[in-house]
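> Output the structure for:
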Amino acid sequence: MLFQQNKDIQMQRRDFFKQLGAVATIAAISPAISFADEAKKLTGPNDLSYKAAVDAITGNKGAVESSKVSLKVPEIAENGAVVPVTVEVDSPMTDSDYVKSIHILATKNANTRCIDVHLTPANGKAMFATRIKLGGTQDVAAVVGLSDGTFLITTQNVKVTIGGCG
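Next up, the predicted model:
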């Protein structure tokens with residue numbers, strides 16, 4: 001009789017652990033499934049078309065093409081995942097005349113806005129360098145905000161041989 005009770009307890013323990021494992025698996029998978037559905041529905045602040053991004057940056061004022069803005073990107077990028085970009089702006093960077101912001105945009109990426117940098121006269125030089133991801137051949141643009149409220153822009157085409165991201 002004692003042997004039968006021990007066997008019943010062992011069976012109950014095994015059933016308990018099987019059910020516990022099933023519950024743990026379901027608990028781990030359920031949030032992942034619901035988050036995947038939510039991720040498809042979410043749109044972020046950078047999910048904008050190129051024109052909408054420029055309008056958002058400039059407050060619908062638009063930007064003027066300018067030779068004061070120097071945008072250096074390679075004509076051909078061998079790997080779209082790491083494209084070097086350098087932006088320099090000819091500006092005195094004084095308290096009354098300085099570059100407030102530099103925005104780097106990729107015209108065809110799903111995430112148009114790549115980088116936003118904010119500057120002050122204390123920076124001394126209006127220059128920024130980074131690497132961006134490009135999902136394919138497209139234009140890269142630099143939108144520069146000045147302290148007087150105007151915006152300058154320059155663009156350059158980059159041919160991507162191996163895609164980075166969309």
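> C-alpha from now on. contacts and neighbour counts both.
OK.
> which stretches of the protein form helices?
Here the chain has its helices, by DSSP state H, at 2-41, 50-58.
> wait, doesn't Gly80 sit right on Gly136?
Yes - Gly80 lies in contact with Gly136 (CA atoms under 8 Å); the separation is 6.8 Å.
> Now tell me which helix or strand of the protein has the poorest mean pLDDT.
One helix or strand of the chain scores below all others by mean pLDDT, DSSP states H and E: helix 2-41, with a mean of 59.
> starting at the chain centroid, how far to stretch 101-118?
For stretch 101-118, the separation from the chain centroid amounts to 8 Å (computed by CA atoms, centre = their mean, to the nearest Å).
> so how far is the first residue of that stretch from its last?
Taking CA to CA, to the nearest Å as the measure, stretch 101-118 stretches 4 Å from start to finish.
> what comes up buried for that stretch?
101-114 (16 or more other CA atoms under 10 Å).
> The residues you listed in strands, which ones?
In strands, defined here by DSSP state E, the members of these are 101-106, 113-114.
> any chance of those residues in a markdown table, plus pLDDT and distance to Ser67?
Listed next are those as a markdown table, based on pLDDT from 0 to 100; distance: CA to CA, whole Å:
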| residue | pLDDT | distance to Ser67 |
| --- | --- | --- |
| Ser101 | 96 | 17 |
| Ile102 | 96 | 15 |
| His103 | 96 | 16 |
| Ile104 | 96 | 16 |
| Leu105 | 95 | 18 |
| Ala106 | 93 | 20 |
| Arg113 | 84 | 22 |
| Cys114 | 84 | 22 |
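> which one of those residues sits closest to Leu48?
Relative to Leu48, the closest of those is Arg113; by CA to CA it sits at 8.0 Å.
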